[in-house]
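Novice: Starting from these lines, generate the structure:
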Amino acid sequence: MTIPWAIMAITIIIIIFLILAIFAIKTKKPEDKTGKHPKGYYVNKGRSFGMIIGMLLGLILDAILKTDSLGFPIGFIVGMAAGSIIGGIFEKKNKNKLRPLTEKEKKTKKSSQIISLILLLILIIVILVLFFVG
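Specialist: Below you'll find the predicted structure:
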């Protein structure tokens, strides 16, 4: 039995996201000293949880609809969007617990955005190829 290349590509992208998340968790953060979180903290947390929940719901959707792999990436994207919205609500609610980003955080954020954009483009290409070829 062979594993379709698209599923392997999606799995590799998710593993890369998980590795980036582990590095983000292990990094010393200034809020440890100040007690305040950087701007965007709640949006990022919401997005992370949304992606996880969305991927799980996508897998369930795949099982229910008996599709090969469309529910997983759709769940990922929908979960990311829903998590961002929920995180934004928490961000507004906790304005007094936020601080501006430090220069190091700004550089890290920029690098993370570029990596995420590249991975997202790869994911979109894989989905399009699956849709039109598979």
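Novice: Run through the strands of this protein in chain order.
Specialist: Using DSSP state E, the strands of the chain run over residues 37-38, 98-99.
Novice: Report the strands that pair with the last one, each with its relative direction.
Specialist: Sheet pairing for strand 98-99, assigned by DSSP bridges, gives strand 37-38 (parallel).
Novice: Can you tell me which of the strands of the chain is nearest to residue 121?
Specialist: Of all the strands of the chain, it is strand 37-38 that lies closest to residue 121, at 26.4 Å by CB to CB. Every residue, glycine included, has its C-beta placed from N, CA and C.
Novice: thinking again about what came up before, tabulate the strands of the chain (TSV), appending mean pLDDT.
Specialist: Listed next are the strands of the chain as TSV, based on pLDDT from 0 to 100:
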stretch	mean pLDDT
strand 37-38	84
strand 98-99	89
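Novice: I'd like those strands as CSV, with mean neighbour count appended.
Specialist: CSV is the format used below for those (neighbours: other CB atoms under 10 Å):
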stretch, mean neighbour count
strand 37-38, 18
strand 98-99, 16
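Novice: Take those and write them to JSON lines, including distance to residue 11.
Specialist: As requested, those are exported to JSON lines (distance: least, CB to CB, whole Å):
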{"stretch": "strand 37-38", "distance to residue 11": "31"}
{"stretch": "strand 98-99", "distance to residue 11": "35"}
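Novice: For residue 119, which of the ones you listed is the nearest?
Specialist: strand 37-38 (22.4 Å).
Novice: Work out the gap between the closest one and the centre of the chain.
Specialist: 19 Å (CA atoms, centre = their mean, to the nearest Å).
Novice: Looking at residue 26 now. What's its pLDDT?
Specialist: Listed pLDDT for residue 26 reads 65.
Novice: do residue 102 as well
Specialist: 86.
Novice: Kindly report the same for residue 68.
Specialist: Reported pLDDT for residue 68: 71.
Novice: Check residue 43 too.
Specialist: Model confidence at residue 43 (pLDDT) stands at 90.
Novice: Identify the residues contacting residue 17.
Specialist: Contact analysis of residue 17 by CB atoms under 8 Å, 6 or more residues apart in numbering lists 51, 116, 119.
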